[in-house]
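**Student:** this one's sequence-less:
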């Protein structure tokens, strides 16, 4: 039951270092493919890694609403507007699923949201790029959600039960996100030369940041080995990235668009599409807060939170009054 | 974790019934100041695509759960009674068709 960790009136005392026997039993369970549930004993480091990873993931869903929310009022027709509204609402839901999963590890959602608003939390670097044209809605759905699907399909088998279950829900909904984006680009690509150029420009801008979404190469990723050993992840960042490239190259071809990488070539022995070097300096710049839209995104998030304050206040006041009334009536 | 005084309301566990006749299953949790809003939040969060025909919300603190550390002895009374299963009983094949 996922309530348990949240219900404890005080957190269990942290073990003085980890008990080697418990740790061994835990690792054996995980290696057998068993799920870890909130009340189960787990190494503090496992709990910390999950809180870090899940909260970053939840924040990414929430911040991810902003670049697209930006275009809702400017969608070219009602059909596109309905789809975009529904997609952005889904992202809010995905954020909630994952915050709820993170709370089972004994953290409070308010703390996590406060960290995000204070600018102390990380989220996916991809959302710090601007959405300049309508074609960006296509590129985000196709590439950004496409990359997220590859990652989340793996996470749906993560060792931590509440995280895996949240991912299963999310994966069921993401395919619509990807397909509506692909349809936008296919339509533009088959349109006037100006429309096709707009589609190509969006793909040119979103391709490399999408590859960076999988994180640094495993040899440079401080967390990879541990996450793989504890079966939070089953595949390395590089494997997932390669899988995404292999899936995407033929899809680009099918709608008459190219990917902005002169080194892209098929290796018939491995069956992989090999790609050129990724500019990791850019990645670290964006992660470090110097992306084109970092300040703008946080500003928009803070504004939305502040503007929703009266709704939260009114709901709390209504609940208080109702409770008071039922007390006096009794 | 206690419900801290914050404007997110208390925590509720959500159970959804996917179709008539099916059991309610745990879907996740929501925050809400009262039961009515908890139901509405649960619908918006866990039933955007017709995933539920019925929803229960329960204050999280009202749930008591078994402890995994005691799972062995706790469930033991159910594990050593093979005579509760039909395989325990023998007889001619003809007589044992369902």
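**Tutor:** Received it, and whenever you're ready, just let me know what you need. Keep in mind it's a predicted model, so treat the numbers as computed, not measured.
**Student:** And the residue in the stretch 101-250 of chain A that chain B sits nearest to, which helix or strand is it part of?
**Tutor:** With CB to the nearest CB, the shortest gap between the stretch 101-250 of chain A and chain B falls at residue A:110, namely 4.5 Å. (Glycine included, C-beta is placed from N, CA and C.) Per DSSP states H and E, residue A:110 falls inside helix A:109-117.
**Student:** same thing with residue B:56?
**Tutor:** Element membership for residue B:56, per DSSP H and E: strand B:54-59.
**Student:** Could you check the helix or strand following that strand against chain A for contacts?
**Tutor:** Going down the chain from strand B:54-59, the next helix or strand is helix B:71-79, by DSSP H and E. No: between helix B:71-79 and chain A, judged by CB under 8 Å from any CB of the partner chain, nothing touches; the nearest distance is 9.6 Å.
**Student:** What's the mean pLDDT across helix B:71-79?
**Tutor:** Here helix B:71-79 scores 83 as its mean pLDDT.
**Student:** Which strands or helices does the helix holding residue A:110 pack on?
**Tutor:** Applying 3 or more CB pairs under 8 Å, 6 or more residues apart in numbering or on different chains; DSSP states H and E, one finds that helix A:109-117 contacts helix A:44-63, helix A:78-103, helix A:294-307.
**Student:** Same list (the ones you listed) but as CSV, adding distance to residue A:175.
**Tutor:** Shown next, in CSV, are the helices and strands packed on helix A:109-117 (distance: least, CB to CB, whole Å):
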stretch, distance to residue A:175
helix A:44-63, 16
helix A:78-103, 11
helix A:294-307, 26
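**Student:** Now render those helices as a markdown table, adding distance to chain B and mean pLDDT.
**Tutor:** A markdown table is the format used below for the helices and strands packed on helix A:109-117 (distance: least, CB to the nearest CB, whole Å; pLDDT from 0 to 100):
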| stretch | distance to chain B | mean pLDDT |
| --- | --- | --- |
| helix A:44-63 | 12 | 96 |
| helix A:78-103 | 5 | 97 |
| helix A:294-307 | 10 | 95 |
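**Student:** could I get those helices as TSV with mean neighbour count and distance to residue B:73?
**Tutor:** Formatted as TSV, the helices and strands packed on helix A:109-117 follow (neighbours: other CB atoms under 10 Å in any protein chain shown; distance: least, CB to CB, whole Å):
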stretch	mean neighbour count	distance to residue B:73
helix A:44-63	20	26
helix A:78-103	20	29
helix A:294-307	15	48
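**Student:** looking at those, which is closest to residue A:71?
**Tutor:** The closest of the helices and strands packed on helix A:109-117 to residue A:71 is helix A:78-103. By CB to CB, the value is 6.6 Å.
**Student:** which residues are contacting the least confident helix or strand in chain B by mean pLDDT?
**Tutor:** Using mean pLDDT, DSSP states H and E, helix B:71-79 stands out as the lowest-scoring helix or strand of chain B, at a mean of 83. By CB atoms under 8 Å, 6 or more residues apart in numbering or on different chains, the surrounding residues in contact with helix B:71-79 are B:66, B:67.
**Student:** One more pass at 6 Å, please.
**Tutor:** With CB atoms under 6 Å, 6 or more residues apart in numbering or on different chains as the test, helix B:71-79 has contacts from residue B:66.
**Student:** Report the distance from it to the chain centre.
**Tutor:** 20 Å (CA atoms, centre = their mean, to the nearest Å).
**Student:** what's the answer for stretch A:122-133, then?
**Tutor:** 12 Å.
**Student:** does any part of the longest helix anywhere in chain B sit near chain A?
**Tutor:** Using DSSP state H to define each element, chain B has its longest helix at helix B:35-46. Yes: using CB under 6 Å from any CB of the partner chain, helix B:35-46 comes into contact with chain A via B:37, B:45.
**Student:** Using the three-state scheme, assign residue B:12.
**Tutor:** strand (DSSP: H, G, I helix; E, B strand; the rest coil).
**Student:** can you tell me which residues contact the closest residue in space to residue A:46 that isn't next to it in sequence?
**Tutor:** Among residues not flanking residue A:46 along the chain, residue A:230 sits closest, at 5.6 Å (CB to CB, 6 or more residues apart in numbering or on different chains). The neighbourhood of residue A:230, defined by CB under 6 Å, 6+ apart, consists of A:30, A:46, A:159.
**Student:** residues of stretch A:17-29 that come out buried?
**Tutor:** Buried positions in stretch A:17-29, judged by neighbour count with 16 or more other CB atoms under 10 Å in any protein chain shown: A:18, A:23, A:26, A:29.
**Student:** How confident was the prediction at the last one?
**Tutor:** Looking at residue A:29, its pLDDT is 93.
**Student:** can you check the third one too?
**Tutor:** At residue A:26 the predicted local distance difference test score is 94.
**Student:** ditto for residue A:319
**Tutor:** pLDDT at residue A:319 comes out at 90.
**Student:** what's the answer for residue A:9, then?
**Tutor:** 39.
**Student:** do the one 4 residues further on as well
**Tutor:** According to the model's per-residue confidence, residue A:13 sits at a pLDDT of 41.
**Student:** And residue B:19, by the same measure?
**Tutor:** pLDDT, read off for residue B:19, is 96.
**Student:** List the contacts of it.
**Tutor:** residue B:53.
**Student:** Can you say which helix or strand has it in it?
**Tutor:** Using DSSP H and E, residue B:19 sits in no helix or strand.
**Student:** What of residue A:322?
**Tutor:** Per DSSP H and E: residue A:322 is located in helix A:309-329.
**Student:** which other residues reach that helix?
**Tutor:** B:7, B:33, B:34, B:37.
**Student:** Could you identify which of those residues has the most neighbours?
**Tutor:** residue B:33 (22 neighbours; other CB atoms under 10 Å in any protein chain shown).
**Student:** List the contacts of it.
**Tutor:** So residue B:33 contacts A:315, A:316, A:319, B:9 (CB under 6 Å, 6+ apart).
**Student:** follow-up on the earlier one: pull out the buried residues from the longest helix of chain B.
**Tutor:** By neighbour count with 16+ other CB under 10 Å, helix B:35-46 contains the buried residues B:37, B:38, B:39, B:41, B:42, B:43, B:45, B:46.
**Student:** can you check stretch A:209-224 too?
**Tutor:** Using 16+ other CB under 10 Å as the test for burial, stretch A:209-224 gives A:209, A:210, A:211, A:212, A:213, A:214, A:215, A:216, A:218, A:223, A:224.
**Student:** next SSE after the one helix or strand the third one maps to?
**Tutor:** This points to residue A:211. For residue A:211, the host element (DSSP H and E) is helix A:193-212. Proceeding N to C from helix A:193-212, the next assigned helix or strand is helix A:224-229, under DSSP H and E.
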